[in-house]
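Peer 1: Here is my input; please provide its structure:
(one chain, ligands or ions: 1)
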Amino acid sequence: MTILINTDRLKQDIEKLASIGREEDHGIYRMAFSEGDMAGRAWFKEQIKSAGLEVYEDGAANIYGRLDWDDKRPSVITGSHLDTVPGAGHLDGALGVLTGLECLRRIKEEKIKLTYPLEVIAFSDEEGRFGGMLGSQALTGQLSPESIVNAVDLNGVTLTDAMKSCGYDAMNALYARRTPESIHAFVEMHIEQGPILDQMSFSVGIVDAIAGLFKWDVSLTGVPNHAGTTPMHLRNDAFQGLSEFASQLQRILDENGGERSVATIGRVELSPGAANVVPGRVDFSLEARDTEQRILDDLQGAFRRALSAIARRYNLMFEFKVLSEIAPVKCSSGIIKEIKQATDNLKIQSLQMASGAAHDTQMLASITRAAMIFVPSKDGRSHSIAEWTDMKDIEKGANVLLNTLIQLAGE
Ligand SMILES: [Zn+2]
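Peer 2: Got it, this is the predicted structure:
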């Protein structure tokens, strides 16, 4: 049996939520525990209630809408986040939450008998006002009292104070933890936030892995000197070292990376930083991502070797610090199969792909079977008011989610 979502209702919900927290520049400002976020949450809870579902809010302020829920059977959970970056578009996170709600509404309306209860969830602070993925970390037991107390935003506001001003006790996030036994499966629908589906004209992507990454702080140190009096062959020019390394990035990826590897030098600081001084030092960021840990390990080794060789050649000192390492996450092959089945039944062409961006799904994957459904982002744009997905693609993705949930909860 194939049932379909109510596209008009989903479209109305998307438009309504897009108006909450929207400012004059047309950007959306629903950063975690801000006024906009709280208004979005209040509206979402109302929608859950008017759909005849049970509203539940856990200690981390994750909002659940529950269908046929009891605490004896594990549930199938779908959802994403309602919070946004500053000046955001209207679909990142919101689409997964609203589509999840629409799916539960349709299953309730059709009175479909399922083996497992269904829950739609809106996770707290996915976007990182206080570090990111607060809600999904809480749910998967990855918070500690210390991490809660130490969480602070860019303006120095603590998570504890921000939650308190919204009526929450941040320490209660420790009680939001769910056991693996309480979850049967997790599926998140999200916009791709990259150009692949749009360029290849697919309406639906089935995510098989979420990329891991490493982030380094690198410095090359030479000698600052007079730009007029120091001959070229007597310079220890840190920028020359960096530019040589940057020109080798693609080669290093070709030789040591995989098809999905990417690397970025996103921040560069030259010192002393004057037009008439040979730069004596450069500090830069180096970030690389892939869906295989082995490839990430190989890349770390290759970057180290290349930078050491360049430092020797230009008489520079090479130092680096690993700022963060996040392991890649594999999605559940069982759920991938169910999603593929749903796309086949609905006669929708899909592409199996990786997610280059981080999502709540990677937290959930640590305690349950998890996977993601992507829909295209026009021109790959996201985290901006240029964010856009055609309603016909949203409709297809939503129908795939609906039928995947029915399969998973009925199995
Ligand atoms: Zn998101």
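Peer 1: burial count for the residue of the stretch 301-411 of the chain at minimum distance from the ion?
Peer 2: Across the stretch 301-411 of the chain, no residue is closer to the ion than His359, which sits at 6.1 Å (C-beta to the ion). Where you see a C-beta, it was placed from the backbone N, CA and C, and this is true even at glycine. Counted by other C-beta atoms under 10 Å, the residues lying close to His359 total 25.
Peer 1: low-scoring pLDDT stretches of this protein, where are they?
Peer 2: When the per-residue scores of the chain are filtered using pLDDT under 70, the ranges that remain are 1.
Peer 1: ranges for the helices of it?
Peer 2: When secondary structure is read from DSSP state H, the chain shows helices at 7-18, 35-50, 94-109, 134-139, 145-150, 159-165, 196-200, 238-256, 293-313, 333-345, 360-364, 391-410.
Peer 1: Roughly how far does the residue nearest to Val223 when sequence neighbours are not counted sit from Phe245?
Peer 2: Among residues not flanking Val223 along the chain, Asn236 sits closest, at 4.3 Å (C-beta to C-beta, 6 or more residues apart in numbering). Per C-beta to C-beta, to the nearest Å, Asn236 is found 15 Å from Phe245.
Peer 1: Near Pro231, how many residues? Count them for me, please.
Peer 2: 6.
Peer 1: swap in Tyr175?
Peer 2: Counted by other C-beta under 10 Å, the residues lying close to Tyr175 total 11.
Peer 1: quick one, what contacts it?
Peer 2: Tyr175 sits next to 58-59 when contact means C-beta atoms under 8 Å, 6 or more residues apart in numbering.
Peer 1: circling back to that earlier point, the residue of the stretch 301-411 of the chain closest to the ion contacts Glu188, correct?
Peer 2: Yes: here His359 lies in contact with Glu188, judged by C-beta atoms under 8 Å, at a distance of 6.1 Å.
Peer 1: anything in contact with each of these two?
Peer 2: Overlap of the contact sets of His359 and Glu188 (by C-beta under 8 Å, 6+ apart) consists of 80, 372.
Peer 1: still on that earlier bit, the residue nearest to Val223 against Arg312, yeah?
Peer 2: No: counting by C-beta under 8 Å, Asn236 stays clear of Arg312, with 11.7 Å between them.
Peer 1: Among these two, which residue is more densely surrounded?
Peer 2: Set Asn236 next to Arg312 and count neighbours by other C-beta under 10 Å: Asn236 wins out with 21 against 11.
Peer 1: how near is that one to Leu134?
Peer 2: From Asn236 across to Leu134, the span is 45 Å (C-beta to C-beta).
Peer 1: same check, this time on Leu299
Peer 2: Distance of Leu299 to Leu134, computed by C-beta to C-beta: 30 Å.
Peer 1: between these two, which one's more packed in?
Peer 2: Comparing Leu299 with Leu134 by other C-beta under 10 Å, the one with more neighbours is Leu134, at 35 against 23.
Peer 1: which one is the more buried one nearest to, not counting chain neighbours?
Peer 2: Counting by C-beta to C-beta, 6+ apart, Asp125 is the residue found nearest to Leu134 once chain neighbours are left out, at 3.8 Å.
Peer 1: Can you get me a residue count around that neighbour?
Peer 2: By other C-beta under 10 Å, the residues close to Asp125 number 29.
Peer 1: wait, Gln341 sits on Glu411?
Peer 2: No: the pair Gln341 and Glu411 does not pass the contact test of C-beta under 8 Å, sitting 11.2 Å apart.
Peer 1: Pull the contacting residues for the residue nearest to Leu134.
Peer 2: The contact partners of Asp125, taken as C-beta under 8 Å, 6+ apart, are 32-33, 81, 83, 131-135.
Peer 1: which two from those end up farthest apart in space?
Peer 2: Spatial extent of the contacts of Asp125 (C-beta to C-beta) is set by the pair Phe33 and Met133 at 14.7 Å.
Peer 1: The two: which is more packed in?
Peer 2: Each of Phe33 and Met133 has its neighbours counted (other C-beta under 10 Å); Phe33 has more, 27 against 23.
Peer 1: Spatially nearest residue to the more buried one (excluding sequence neighbours)?
Peer 2: Of all residues not flanking Phe33 in the chain, Ala162 sits nearest, at 4.3 Å (C-beta to C-beta, 6+ apart).
Peer 1: any idea how far that neighbour lies from Arg129?
Peer 2: Spatial separation of Ala162 from Arg129 under the definition C-beta to C-beta is 8 Å.
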